[in-house]
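Asker: coords please:
(2 chains)
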Amino acid sequence: MNRRHFLKALGLTGASLALRRPAWSDDEAPKRLIVVSSTHGAVHDGWRTNPAGLPDEVPWSQDLVGVGVEAFGRGLQPLHPHRERLLVLDGVSMLSAELDIAGYRHEKGWLHAWTGGFAQFTGSAMSATAPSLDQLVARQINRPDRLPSLELSVLGGRPVCHGGPGQQLPLEDRPDRAFTRLFGGSSDPLHAARGSVLDLVRAEHQALAPHLAAGDRAKLDAHFELVRQLELRLAGLASAGCGGPGLGEAVDHRTTFQAHAELISAAFACDLTRVATLSLGDVPSAEFGWGGVGSGDAHNDFAHLIHEDAQSAAAMTDYQRFQAEEIASLIRALEAVPEGDGTLMDHTLIVWGNELGDGWHGYHRYAPVLIGGQWAFRTGRVVHWPWDSTPVPIVVPGGRTTGAGIPHQRVLVSAARAMGLDVEHVGLATIHDRSGVPLDLRGTLQELS
Amino acid sequence: MRTASRASLVLSLMWGCGVGEPGEAPIRRLTPTEYNNSVRDLFGIGPNEWTDEEQPYGEEGWIAAWPWVFPPDVRLGGFEGMAEGQVVSPYHVETVQRAAEHFAKYTVQAPRFWTCETPGTLTDDDRRACARESVVRLAFRAWRRPLTADEQTRLTTAFDGWADQHGTDAAIELVTQALLQSPAFLYLPETTGPGVQELPPFELASRLSYALWDSMPDAELFEAADRGGLNGRSGVRRQASRLLEDVRARAMVAHFHRQWLDLDRVHANRVDPLAYGDRYAQAVFTSADFDDVQDREEAWSGVLIGTKAALLEEVDLFVTGSIFDGEGTLTDLLTSRKGWVASINEGYDAASSTAAIYGASTPVEGAPRRLDLFDGNLGFAIELRPVEHPEGQRAGLLTLGGVLAARAHPVHPAPVQRGVFTLQRLICQDLGSPPDGAALAAPPDVLGAESTNRERLESITTDPVCAACHRSINPLGFAFEHYDSLGGWRDTDHGQPVDASGELLVPGEPNRPFTDAVELAGLLAGSERVRDCYATQWARYLTGDPHVAIDDPRFAEVRARFRRDDDVRELLIDLVSSDSFRFRGVTP
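Answerer: Modelled structure (predicted):
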């Protein structure tokens, strides 16, 4: 490949979208996954969506397509225009996090939410004991000549991507740097020299190899074959000839999210990657309309008090609503790109979850939402399981314990299988409650398809 | 050059790595620890805490922290750095690339980079000429050996090309990126032919420095390699003695013991607040408003993180204190009552202390040590003061909180884990895997158990199939029943006085009874088998070969001397000056 030529072409950064977009039919278009990890869970009363007012004690499923916006929980209303793509899951608990004694509730929540496995702490740094959903899927569906996955964060979103035990993946907070990684065109000329650096590295390997014993040579060959593939990937990205979107200025939560959403949409359109993660940091109070109240930090001002104070509950409902607005903008960015008979969004599954059930640090009322993935799921519904359908004690406000909902691992398994993985469990396969009784965490949720 | 049959090559590829010919020391990669240390020493600038991004590079001589982590080595026999346990993955090579790009930015500023005195005052052309010379010297140090003519040509050609295109500073950075991703930096390649061969001096220098420092050679060791200073056993002994005087050797010795004792397990110990909160976190729970069950749990996490860090630090201080400043014997390591009690101030404005674990320790002379931990939300200031632990309750390493807390269930101590640990790590007696279902038979680890820990375990291991192994395991585990899940002393369990008595069964030695862990420690300290085992663990660690047997003839002389003299520093010098360390291809 002629790198210099390519570099010159990049003088046109920020130009038109998708110079060379693959023209796929519906059947050919690859499936994509986006994980959105937001913070502080939901205020359940402001989130729950139960148009017919059915009782909590029995499982049910209700249609969302034919209902008006007022039937949606206030926190979910921004997604009403996209309701035919939604599967709102009401009655899921993150009970494995409750049973894991290690670490702080936010921190262990991030690990459990996306790996389905236990947390592990080295000093005060957290690490995973299993790969996260995005990495499991990326390993299966990635293209060797492209980025296996893209890890982005908004205003310091916490690490949620893990390659395996102890392998925390770095997140990119800045859209401009993510742009460079995806589409090239860096103002830093050294970025483009990476290929020639790897050429030199591989030349050193080739010169050394004949002097080594056979076993040693095989081991180094394996290493530098992976270096060759890395170079192929970098070259593949560059040769995709994808110009990338024009990026607006990223100055706050909303605009950073939007810039990332545009990047993901463009990267999917050009098939630069098929898996993306957006880890959302806290939304400053001013951005979701509560700037005049408290210190401006929603976590300390409101999140912990949602069960004690109506104003805090109202604020955190708006917090949730703000994130739903952002996710609606992500859906629109994917719907804006035609693909096959529809759009990119028709070939995408978004899994939206949190590190907690609610801002009080509870794991009981976990609030995941699946968006898209219609090839695997019957969407346009809210599905409910009773909140005590699993006989494992879980802490609820007032210091009481109650039974738990469906273990969230089952949601991860359902998502993984929708993405084509042949897995029975994600993270833990079983867990023991504090009396030593084992609980099965395997299998998909039949109610979703 | 070595020749190999096609079949063995294919076999090696099938296994990925590690299936070497007999007697081969397979190629070893730098561990994450060794990588970080090497970068520090290569540039002559110290790393900071490795946590915060964008630390200023200034008078402190700091290099911006490497904010990510390398995939860990697979540990074999408990140790990282074992050639067979080093797999590569796409993530690994990407991480190596990212690290190289991160560190290469510092080359231009590094005190040890430039070969000329004042590069800042030179004309552009002179500066470029000096840079060209400097990258060649940097390559020598990064690859830890003189470059071949071809290597030098490739490097300077690449430098010239990049300098033409991007300028001198950029070329320096790009060359460094390549150096740090090259096999000669990332691996310890050894290029001798077939048969038994003495290692070339520069390869031997790297073996030595990575063994004793977990880092690259210094200028003096390079010079010794260059001028025949590593010739023969005596040359190596001289350099090894010198290396052991350096602070880097202390870090290595602490690192070895953390792995030998498998202390990382401390972090996985999910100590139950309901079982231990009252004992270890009373002060914290009562100092503020912790009536909420979740707030208590968060506060408990803070106590645990600080306590675990303090207990691990104590082990490091104990080990290095004994080996470098004290008696330096295995007997001392297994019987000394020296220790360090920590006061811990953490983010809840409340102090906790490991004094609650050790009870009535007596302060002794000595400067306190301070340890600071940060996690973005919370800071921990930990101050450790030297003490003598209570007589009759503590004896050496095995009764330190860090070692005990590494093998415990959330509610109860874990006698099986502690017994298996003692058998495998101190007596070098390997056990097979437990039969299917063994784990399920374990008594549940819950509050409100119906009898003592010992009784519950005894009742389920009397079956002859289980007893075959548990006969040896259980007594070594019960010996530690006086220590709870954080290593705190207890006189009773389930209202009964603790029974920690048993019998020590060591292959080739008479059976000996003991009443508790203190007596057991004395018996272990006097056992020849235990001394052989400790020497063997070091041999595995220093050679990167987890299969070194306890009766490996290559180390017979070394073991005999250690049995007689019980001198840990001499043991290390004996090992690195032994034939199998100085030669490649020596078979057991």
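
Asker: quick one: A:Gly109 from B:Gly526, how far?
Answerer: 51 Å (C-beta to C-beta, to the nearest Å). For every residue, glycine as well, the C-beta is placed using N, CA and C.

Asker: More neighbours: these two, which one.
Answerer: Applying other C-beta atoms under 10 Å in any protein chain shown to A:Gly109 and B:Gly526 shows that A:Gly109 carries more neighbours, namely 29 against 14.

Asker: what about B:Thr118, how many neighbours?
Answerer: 9.

Asker: Phi, psi for it please.
Answerer: Main-chain dihedrals, B:Thr118, degrees, to the nearest 10: phi -130, psi 70.

Asker: Then B:Arg369?
Answerer: Main-chain torsions, B:Arg369, degrees, to the nearest 10: phi -120, psi 150.

Asker: do B:Leu304 as well
Answerer: phi -60, psi -40.

Asker: for the chain, what are the low-confidence residue spans?
Answerer: Just so you know, I chose chain A. Along chain A, the model assigns pLDDT under 70 to residues A:1-20, A:102-103, A:121-125, A:185-189.

Asker: other chain: chain B
Answerer: Scanning chain B for pLDDT under 70 picks out the ranges B:1-25, B:45-69, B:192, B:283-294, B:347-350, B:374-378, B:436-437, B:439-440.

Asker: Considering only the stretch 201-350 of chain B, name the residue that lies closest to chain A.
Answerer: Going by C-beta to the nearest C-beta, chain A is nearest to B:Arg270 of the stretch 201-350 of chain B, at 3.7 Å.

Asker: Once you drop chain neighbours, what's closest to that residue?
Answerer: In space, and not counting its chain neighbours, B:Arg270 is closest to A:Ile101: 3.7 Å by C-beta to C-beta, 6 or more residues apart in numbering or on different chains.

Asker: Could you verify my assumption that the one you found touches B:Pro273?
Answerer: Yes - A:Ile101 is within contact range of B:Pro273, at 7.2 Å (criterion: C-beta atoms under 8 Å).

Asker: okay, and the common contacts of the two?
Answerer: Common neighbours of A:Ile101 and B:Pro273 (criterion: C-beta atoms under 8 Å, 6 or more residues apart in numbering or on different chains): B:Glu297.

Asker: B:Ala342: what's it in contact with?
Answerer: Residues near B:Ala342 by C-beta under 8 Å, 6+ apart: B:307, B:310-311, B:313-314, B:353-354, B:382-385.

Asker: Could you count how many residues lie near B:Glu557?
Answerer: For B:Glu557, the count of nearby residues is 12 (other C-beta under 10 Å).

Asker: separation between it and B:Asp567?
Answerer: 14 Å.

Asker: buried set for stretch A:238-252?
Answerer: By neighbour count on 16 or more other C-beta atoms under 10 Å in any protein chain shown, the buried set for stretch A:238-252 is A:238, A:240, A:242-245, A:247, A:250.

Asker: of all these, which comes closest to chain B?
Answerer: For those, the nearest to chain B is A:Ala238 (15.5 Å; C-beta to the nearest C-beta).

Asker: ranges for the helices of chain A?
Answerer: Listed in chain order, the helices found in chain A under DSSP state H are A:3-9, A:44-47, A:95-99, A:105-115, A:133-141, A:175-183, A:189-192, A:194-208, A:214-239, A:253-269, A:298-301, A:310-335, A:409-418.

Asker: Would you mind reformatting those helices (as JSON lines) and adding columns for distance to B:Ser209 while you're at it?
Answerer: As requested, those are exported to JSON lines (distance: least, C-beta to C-beta, whole Å):
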{"stretch": "helix A:3-9", "distance to B:Ser209": "38"}
{"stretch": "helix A:44-47", "distance to B:Ser209": "59"}
{"stretch": "helix A:95-99", "distance to B:Ser209": "44"}
{"stretch": "helix A:105-115", "distance to B:Ser209": "37"}
{"stretch": "helix A:133-141", "distance to B:Ser209": "36"}
{"stretch": "helix A:175-183", "distance to B:Ser209": "36"}
{"stretch": "helix A:189-192", "distance to B:Ser209": "31"}
{"stretch": "helix A:194-208", "distance to B:Ser209": "20"}
{"stretch": "helix A:214-239", "distance to B:Ser209": "20"}
{"stretch": "helix A:253-269", "distance to B:Ser209": "45"}
{"stretch": "helix A:298-301", "distance to B:Ser209": "48"}
{"stretch": "helix A:310-335", "distance to B:Ser209": "52"}
{"stretch": "helix A:409-418", "distance to B:Ser209": "46"}
